[in-house]
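> Take this sequence and fold it.
(chains A and B)
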There are 2 protein chains.
Amino acid sequence: DGVGERRAKAERMFTLMDGFLKNDPLSLQKDILNHVEYTVARSRFSFDDFEAYQALSHSVRDRLIERWHDTHSYFKRTKPKRLYFLSLEFLMGRSLSNSVINLGIQDQYAEALSQLGFEFEVLAEQEGDAALGNGGLARLSACQMDSLATLDYPAWGYGLRYEYGLFRQVIVDGFQHEQPDYWLNFGNPWEIERIHVTYEVKFYGTVEEVDMNGEKHRVWVPGETVEAVAYDNPIPGYGTRNTLNLRLWAAKPSNQFDLEAYNTGDYINSVVNRQRAETISNVLYPDDRNHQGKELRLKQQYFFVSASLQDIIRRFKEAHNSFDELPDKVALHLNDTHPSLSIAEIMRILVDEEHLHWNKAWDIACKVFSFTTHTVVAEGLEKIPVDLLGSLLPRHLEILYEINFNFMEELKKKIGLDYNRLSRMSIVEEGAVKNIRMANLAIVGSHIVNGVSKLHLDTLKMTTFKDFYELWPEKFQFKTNGVTQRRWIVVSNPSLCALISKWLGTEAWIRNADLLTGLRDHVDNTNFHQEWKMVKRVNKMRLAEYIEAMSGVKVSLDAMFDVQVKRIHEYKRQFLNILGIIHRYDCLKNMDKNERRKVVPRVCIIGGKAAPGYEIAKKIIKLCHSVAEKINNDADIGDLLKLVFIPDYNVSVAELVIPGADLSQHLSTAGHEASGTGSMKFLMNGCLLLATGDGSTIEIIEEIGSDNLFLFGAKVQEVAELREKGSTLKVPLQFARVLRMVRDGYFGYKEYFKSLCDTVEIGKDFYLLGADFSSYLEAQAAADKAFVEPEKWIKMSILSVAGSGRFSSDRTIQEYAERTWKIVPSRCPL
Amino acid sequence: DGVGERRAKAERMFTLMDGFLKNDPLSLQKDILNHVEYTVARSRFSFDDFEAYQALSHSVRDRLIERWHDTHSYFKRTKPKRLYFLSLEFLMGRSLSNSVINLGIQDQYAEALSQLGFEFEVLAEQEGDAALGNGGLARLSACQMDSLATLDYPAWGYGLRYEYGLFRQVIVDGFQHEQPDYWLNFGNPWEIERIHVTYEVKFYGTVEEVDMNGEKHRVWVPGETVEAVAYDNPIPGYGTRNTLNLRLWAAKPSNQFDLEAYNTGDYINSVVNRQRAETISNVLYPDDRNHQGKELRLKQQYFFVSASLQDIIRRFKEAHNSFDELPDKVALHLNDTHPSLSIAEIMRILVDEEHLHWNKAWDIACKVFSFTTHTVVAEGLEKIPVDLLGSLLPRHLEILYEINFNFMEELKKKIGLDYNRLSRMSIVEEGAVKNIRMANLAIVGSHIVNGVSKLHLDTLKMTTFKDFYELWPEKFQFKTNGVTQRRWIVVSNPSLCALISKWLGTEAWIRNADLLTGLRDHVDNTNFHQEWKMVKRVNKMRLAEYIEAMSGVKVSLDAMFDVQVKRIHEYKRQFLNILGIIHRYDCLKNMDKNERRKVVPRVCIIGGKAAPGYEIAKKIIKLCHSVAEKINNDADIGDLLKLVFIPDYNVSVAELVIPGADLSQHLSTAGHEASGTGSMKFLMNGCLLLATGDGSTIEIIEEIGSDNLFLFGAKVQEVAELREKGSTLKVPLQFARVLRMVRDGYFGYKEYFKSLCDTVEIGKDFYLLGADFSSYLEAQAAADKAFVEPEKWIKMSILSVAGSGRFSSDRTIQEYAERTWKIVPSRCPL
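Prediction:
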């Protein structure tokens, strides 16, 4: 009877829980209002837009959870090979709109809310950005998660749940100040706290040798233990039930008994000190290389790696009996070198804990890992001082030495005693400060090493990773980065989305961006042109309103909206843009009325954050503001030229700015941008590019043809030569003139801007602003010329979108899946 | 049409949200399972007891939220005078059982769960304790909140949401170790995070004088700002819809722009430092006087006071126009001196921010505050060094000086230049270290000062607050503490609860404890006796199981369960208990078989935490374990005597131990326990007391008669005289003998116990263990004698419960409401 009774109870439970949440407007309304009362705990008579947003989000979350469960049950049952995507940064932005679109219930929600007197778009604006990353690399991770889900790949993302995301940029008197981003202060309905999914992460201590059944084992006796708690973020695919998991780890004080520490009598101080040690893993480092060699940063990396690998190995062991199967069931992807301690950690787990023999373990590890580098130049590569690593992770240092010893021995057999090359390829860098070279570790431990564009890989082969390429040419691949059209068209540019679907006669391009080429069929259709133009105008209007709200500057919709938004960096050459604007201003001032009548009015828009410790970048921001103040207050110039700095550039600002841009600038000195994904987003939004032949731009040209963008500047193979010229390099007079204006204090702050101007003086101009200036002005002139021929401009714009399909992250992910990870789609049935 | 449309939308919303959650078993099941899937985010096919507990609690929480909303809407509408109960500690224990009982849906839940294959009691065991307090004072606050809600008083509780509650006591080798209590690590469904209810709390900085419209104002320019976020804990009343709010404040980093701090370039360090400063207010201080003069503790106090008063004043201003109404609408109660900075803070708000004149503000403040002291001796009173206060709260120090200056001037007019008395009564204590006397501040600023028992007030009048009593005799009242019968009978002793209701023929005693006297009518009924005995046996069985699980010691249910559970402290004299046990053991060892046959078997149970820095208390714990090891392993003794230490004593352990006790010991040296609430809980559970004539025991005797408990020891008026005798005090030989056994290492750890033994040597025995020893042994003998006459014992037990009605916190609260706060019940309609 016990069995019968139990079965009856289970059946009762099943009946009660069966059936999914309904998505008709009335059901949605009930769910939203339930969340108002019971989750947000507001009275039914008073709740504001933010509280309505919270309730709305919770109702969406419920629907995400259903699919997320089903997806993971399905994977558990079918046991496909899984990809684990390890990245220290994910720049997710907002989730609400993206979620309802991917769930396919956007219209139902809009209707449900409208009947209650709310507007979906207004509530969506209440959401803050999840800014757990710095820039391109981090947003790429987010785009790729979207593609993995949409394409039904069995994948997991792993990262860190920073309490404070990337700093908020606040501009005071034109200077950047940094504010911590307390993004969790207002709750986060998009994550599911998994209080039972926790792992102990160890630090410090010593390594002891222990005899077990006659075998000697190295045992790490840690000095500190922190608990990692999982926070799961469902990632819904578009047009599929599949909903993946992005698992982010938070540090909490360990429940582990630690009697020593708490028997000092000074209980409060013990607790407070311990608390400090633990909450420390919660700040996202701004990407300014200042973090290299910092203990806190290394702690973050290992905390992330250790929790993730424990979780992955536990899941593997639940379903499989032998580690021999690991390479067939698990692909571990290292997004840049930040997670590359994983290689040492997996060796520690397999050898120390699972007692596999070293060689067998190493064989498995090498088959499991793949690696993508986002760096171009050798100086950008991550290094960790051996002293630091040995103190924080004593056992891992031993393992790294053993990996390196074996590698060196193997290498000597192949290349002989070429000590220069051996020392270049060694994982351990000798010198005054001994370092671990994380990239070398990642290359040695991975079976595939990826560049992020064709040009990037070519550069790596010839320079940074030349030695490794010659040793293992088959290891090196490239997968050009991509961006997801769901976020960058469907969510952020609904008018364009509708227009594309109308003219293609299908929405299938949302899952298959190659179909965008179909727009070429209509490139000469004037009705299409008309509608295209209207879409752009709507988006420009939205952007103009934002600009006025943020900065008080009114801009003309007839002007060309010329945008450069990205992190502020010398190699990205925002300074070149500003000098160009000064030149334009200078020309305008010297024109008579007639000449001015022919000028194309411009709104120059610049946005981006400078790393807090990067002084020159901060000076560029200040210069931008000083120049803007001069120009925007010059009544003589009026609408012919405006300069606006958009503060606190982030994903949701990008969603507003990109659709509203006519022209976008990508000015990196050739050979410095590994790929560049910003340009792809603009391309998808029908914005024309003004760019150097750098990173993925080369491939964009292959798709849309060089006639449809404004290319300028030294080519990558010319750069070295130009640099060698040093002070004999010829620089145009205009360049010297505009630089002189800055130096002479024409925009104020003469002293402050001096060191900035020094960086581009002849002979010191590493990024070749002077050398590229004439070419840059010509490209700008070409853009002006094109803009006054609207038909031509619109055609170029249409062809940009039509050629953007290759730059969907779907294509990137498909290449990774097939060529690197060897995973296949696994679609959860309805 | 706009109006009509809006009305239609509002109506739609109202219709959808109308109607309360249903409480039939099927509805409860659906709600629980919904929470399993969407809140706990577990798959419908796998969730464990803990997850079931979480889902269950969330369904209860939903029901609490409904009533909590309605109660506050009702108060808002009817605007009664409100009580604000300020306490730095609330020892709430578990919430689940208490909530479903007070909501009146216990049976429905039990049935709903049983049909799903779960047992309510098993799930309830999954809940951890909310241990946001040390002992009596903190549990009293919790009991009083329950009474306030049940009696329909319009009240709010205010406190701190410590991340870490009172430390967990772990015993290793008989020694106490302290573990931080990460009680929030597993989520807390009983609180509602109110992310929009936040206040800035300021610290440090300077005070400037500013001229405003010709008037000079003092303006505090703070140096640091922390944000207080509200966490609301619904407190349901029993037999009423009223559900009060206990609002606990958590510290979060301030969103306030703080540009200076973030422009140093070293962004990460700035953030980390700032984070440290802010999370610091999250550890509960163990009550060991070690905290006095600690900056962190003062920060906690002010953080709590400032956030609470801002909230209270905001609410007052929303409903009322003039501060003249404040004393008619607001009562502020200071639970001990911890929140007494409130007096300075309200002056700061009224004078500096609301620009009232000083005298008017002071007049209002004095009418608003009341104060309860829980301290007996002057040395126990809180002091804050002036230097510390001036640095952390510069403006408050000025205000305190002004309050004191005015008070001193007024006093001089009344008592003349009696400088000794003036200096004793001054708020500012002069000396090598200048201090603020918090009790003097609280007395000066309150209109009523309360003791917590009659004896306590009498003692205060004659000693500690003599000067003040002579000045303001009308200010001084006493309200004997009480405990809530809902928690201490209904929740923790369901068998006794049912038995009482059966014999009284009503459950009305649950709201009116005076009805318990009705049990006297049945005191001679043998059927009643039989059932009474069975109830005790069931509870003893439950306790015996727990003891075996915790310590491995099997105990006999026929033995007398003799319990002393409370904080470990010299004045509470656990050492006396242990010495008595040693004496009993010694006697047993010297008995022959025949004599032993007459001995009443005993299970001595001791439990309690020692403050981490309190060495002597920790030695008492170790001694208890050493003695237990000796006795429990002595086969010769067997069931005649067992000694068990119950580790980590807290509210939920108390709920198990108290109903299972036959005898309970309350041994404080007379004049040292202000009230004592432990004894009341035992009394309510029919456990006989063995106690000194201290605190509220005097009043217990008034209720149940001295025949029904075992009184011993020096009376309060004899203590001073005994102490004066010093080394001439006579101490019985048995005392010297048992102490000698400890000293000689009979229980090991000879050296370690030396300093403990020193504390009770003749001439140093401040707490008079030696003087009271004979009397103690006699009382114990009397208890033994009574125990072998079951009829007599049961009668005493029944009469204890019958006389416990006066010690309900309902009575305490009613007295406060009528005599101090002047508030009246305000019952939210159904």
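
> Tell me who's in contact with the residue of the stretch 101-250 of chain A found nearest chain B.
Taking Cβ to the nearest Cβ as the measure, the point where the stretch 101-250 of chain A comes nearest chain B is residue A:117, at 3.7 Å. Where you see a C-beta, it was placed from the backbone N, CA and C, and this is true even at glycine. Taking Cβ atoms under 8 Å, 6 or more residues apart in numbering or on different chains as the definition of contact, the neighbours of residue A:117 are B:6, B:9, B:10, B:13.

> repeat that with 6 Å
residue B:9 (Cβ atoms under 6 Å, 6 or more residues apart in numbering or on different chains).

> Tell me the secondary structure at it.
The local conformation at residue A:117, judged by DSSP: H, G, I helix; E, B strand; the rest coil, is coil.

> Per-residue pLDDT of it, please?
pLDDT, residue A:117: 89.

> Quick one: mean pLDDT over stretch A:757-772.
Averaged over stretch A:757-772, pLDDT sits at 95.

> Now do the end-to-end distance for that stretch.
For stretch A:757-772, the first-to-last residue distance is 16 Å (Cα to Cα, to the nearest Å).

> tell me which residues in that stretch are buried?
Within stretch A:757-772, the residues that qualify as buried are A:757, A:759, A:760, A:762, A:765, A:767, A:768, A:769, A:770, A:771, A:772, counting by 16 or more other Cβ atoms under 10 Å in any protein chain shown.

> What are the contacting residues of stretch A:664-677?
For stretch A:664-677, using Cβ under 6 Å, 6+ apart, the contacting residues are A:136, A:140, A:374, A:376, A:452-453, A:456, A:481, A:483, A:563-564, A:571-573, A:576-577, A:679, A:682, A:687, A:689-696, A:714-716, A:719, A:767-768.

> In the stretch 401-550 of chain A, what residue lies closest to chain B?
residue A:550 (16.4 Å).

> what phi and what psi does the backbone show at that residue?
phi -80, psi -40 (degrees, to the nearest 10).

> Check it and give its pLDDT.
At residue A:550, the pLDDT recorded in the model is 91.

> since we're on the nearest residue to residue A:683 once chain neighbours are set aside, how many residues are nearby?
Counting by Cβ to Cβ, 6 or more residues apart in numbering or on different chains, residue A:804 is the residue found nearest to residue A:683 once chain neighbours are left out, at 4.5 Å. Residue A:804 has 29 neighbouring residues, counting by other Cβ atoms under 10 Å in any protein chain shown.

> where does residue A:804 fall, phi/psi-wise?
The phi and psi torsions at residue A:804 (degrees, to the nearest 10) take the values phi -90, psi -10.

> looking at it, it is touching residue A:685, isn't it?
No - contact between residue A:804 and residue A:685 fails when scored by Cβ atoms under 6 Å: they sit 8.8 Å apart.

> so where's the stretch 601-750 of chain A uncertain?
With pLDDT under 70 as the threshold, the stretch 601-750 of chain A has no low-confidence stretch at all.

> Looking at it, which residue is nearest chain B?
When distances are taken as Cβ to the nearest Cβ, the stretch 601-750 of chain A reaches nearest to chain B at residue A:612, 3.8 Å away.

> In a helix, that residue, correct?
No - residue state for residue A:612 (three-state DSSP) corresponds to coil; a helix is not indicated.

> Name the nearest residue to it, ignoring sequence neighbours.
The shortest distance from residue A:612 to any residue other than its chain neighbours is 3.8 Å, reached at residue B:267 (Cβ to Cβ, 6+ apart).

> what's the pLDDT at the one you found?
The per-residue pLDDT reported for residue B:267 equals 80.

> What are the phi and psi values at it?
Backbone dihedrals for residue B:267, given as degrees, to the nearest 10, come out at phi -60, psi -50.

> my guess is it contacts residue A:178, does it?
Yes - counting by Cβ under 6 Å, residue A:178 is a contact partner of residue B:267 at 5.3 Å.

> Mind checking which of those two has more residues around it?
The residue with more neighbours, out of residue B:267 and residue A:178, is residue A:178; 26 against 23, by other Cβ under 10 Å.

> what's the spacing between the nearest residue to that one once chain neighbours are set aside and residue A:134?
Here the nearest residue to residue A:178 in space, its sequence neighbours aside, is residue A:167; by Cβ to Cβ, 6+ apart that works out to 4.0 Å. Distance of residue A:167 to residue A:134, given as Cβ to Cβ, to the nearest Å: 10 Å.

> For those two, indicate the residue with more neighbours.
Set side by side, residue A:167 and residue A:134 show more neighbours around residue A:167, with 26 against 22, by other Cβ under 10 Å.

> and that one, backbone torsions?
Backbone phi and psi, for residue A:167 under degrees, to the nearest 10, turn out to be phi -50, psi 150.

> and if you look at residue A:133?
The phi and psi values for residue A:133, taken as degrees, to the nearest 10, are phi -170, psi 170.

> so who does residue A:389 touch?
Residues near residue A:389 by Cβ under 6 Å, 6+ apart: A:397, A:436.

> For it, pull up the helix or strand it's in.
Under DSSP states H and E, the secondary-structure element containing residue A:389 is helix A:386-392.

> following that helix, which helix or strand shows up next?
Later in the chain than helix A:386-392, the nearest helix or strand by DSSP H and E is helix A:394-415.

> Might you enumerate the residues of the stretch 551-700 of chain A proximal to chain B?
Remark: the part of the stretch 551-700 of chain A in contact with chain B comprises A:612, A:613, using Cβ under 6 Å from any Cβ of the partner chain.

> neighbours of residue A:179, just the number please.
By other Cβ under 10 Å, 20 other residues sit near residue A:179.

> what pLDDT does it get?
In this model, residue A:179 carries a pLDDT of 88.
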